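> Below is the sequence, then the predicted model.
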Amino acid sequence: DIQMTQSPSTLSVSVGDRVTITCRASQSISSWLAWYQQKPGKAPKLLIYKASSLESGVPSRFSGSGSGTDFTLTINSLQPDDFATYYCQQYNSYSPWTFGQGTKVEIK
Amino acid sequence: QVHLVESGGGLVKPGGSLRLSCVASGLIFSDDYMNWIRQAPGKGLEWVSYISTSSTYTDYADSVKGRFTISRDNAKNSLYLQMSSLRAEDTAVYYCARSRRLVAPLDVWGQGTTVTVSS
């Protein structure tokens, strides 16, 4: 199985900050990586797919980059609505798909 | 509007069975691969199973293989997860989610249904 490792696990930030979350795959996944946002009690929401493509309706302050094994999610000028947990997911090898352990973005 | 609505969760004893359902609307259900994803309390996301458009292909996480069965009824726009020999570690919120093809992200999610396995 491909292991996905996110860092950091928790990020304490302020509104307006620039946030960077990293995700590392245990083997190359090309660009088959997605990022999701999850708020408490809610289902995850797709933000980024194919490493850097912005899902329709997602604010442009979210961006993704990377390929191979190293990936980054960046949130420019963090807004109050962005405090949530973020997960990366590889969908390169279908069986099984795997997620990172999550990064909680909390208010400093 | 695309919607996925899960149902069927509840409290079940270890060793018991439960059948989850997911009804889709606002999409061409028969064109989409469908998945079950779960999240144990306070934990991260775990992919559980997928099924192809015409049910030809299915696969399961090792943790549920041999105990869970995924199925779909395209005429009813419905996805199912039959769970048997349930264990405490199966306790989770179960989400159904769409992926447009075999290798694709999960772009539409249901609200989830809670399964609790406890005596």
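Noted; the coordinates are in hand. Residues are numbered from 1 along each chain as shown, chains lettered A, B, ... in the order given.
> Stretch B:9-27 vs chain A: in contact?
No - Stretch B:9-27 stays clear of chain A (Cβ under 8 Å from any Cβ of the partner chain), getting no nearer than 11.9 Å. C-beta here means a position set from N, CA and C on the backbone, and glycine is covered the same way.
> Would you mind listing the outside residues contacting that stretch?
B:1-8, B:32, B:34, B:36, B:76-88, B:94, B:96, B:98, B:108, B:110, B:113-119 (Cβ atoms under 8 Å, 6 or more residues apart in numbering or on different chains).
> Tell me where the model's unsure across chain A.
Within chain A, the ranges that satisfy pLDDT under 70 run A:93-95.
> wait, what's in contact with residue B:62?
Residue B:62 neighbours (Cβ under 8 Å, 6+ apart): residue A:96.
> I'd like to know which of the contacts of stretch B:9-27 are buried.
Listed as buried from these are B:4, B:6, B:8, B:32, B:34, B:36, B:77-81, B:83, B:86, B:94, B:96, B:98, B:108, B:110, B:113, B:115, B:117; burial here means 16 or more other Cβ atoms under 10 Å in any protein chain shown.
> So which of the residues you listed reach chain A?
Counting by Cβ under 8 Å from any Cβ, residue B:110 from the buried ones among the contacts of stretch B:9-27 sit close to chain A.
> Output the set of residues of chain A in proximity to chain B.
A:32, A:34, A:36, A:38, A:42-46, A:49-50, A:55, A:87, A:89, A:91-92, A:94-102.
> Filter those residues down to just the ones in helices.
Of those, none are assigned to helices by DSSP state H.
> mind checking which helix or strand of chain B has the lowest mean pLDDT?
strand B:58-60 (a mean of 93; mean pLDDT, DSSP states H and E).
> all helices for chain B, in order.
According to DSSP H, chain B contains no helices.
> What's the per-residue pLDDT of the residue positioned nearest the centre of it here?
Centroid-nearest residue in chain B: residue B:36, 2.9 Å away (criterion: Cα atoms, centre = their mean). Note on residue B:36: pLDDT of 98.
> again with the one 10 residues further on
Here the pLDDT value assigned to residue B:46 is 97.
> how many neighbours does it have?
Residue B:46 has 18 neighbours, counted by other Cβ atoms under 10 Å in any protein chain shown.
> ok, it touching residue B:64?
No - Residue B:46 lies out of contact with residue B:64 (Cβ atoms under 8 Å); the separation is 9.3 Å.
> Could you count how many residues lie near residue A:26?
Neighbours of residue A:26 (other Cβ under 10 Å): 13.
> That one and chain B, how far apart?
Per Cβ to the nearest Cβ, to the nearest Å, residue A:26 is found 16 Å from chain B.
> pretty sure that residue contacts residue A:68?
No - with contact defined as Cβ under 8 Å, residue A:26 does not reach residue A:68; the gap is 11.7 Å.
> Paired strands for whichever strand or helix holds residue A:73, with orientation please.
Residue A:73 belongs to strand A:70-75 when assigned by DSSP states H and E. For strand A:70-75, the paired strands and their directions (DSSP bridges) read strand A:19-25 (antiparallel), strand A:62-67 (antiparallel).
> give me every residue that touches the nearest residue to residue B:97 once chain neighbours are set aside.
Leaving out its chain neighbours, the residue that sits closest to residue B:97 by Cβ to Cβ, 6 or more residues apart in numbering or on different chains is residue B:106, at 4.0 Å. Going by Cβ under 8 Å, 6+ apart, residue B:106 touches A:34, A:36, A:44, A:46, A:89, B:35, B:37, B:97-99.
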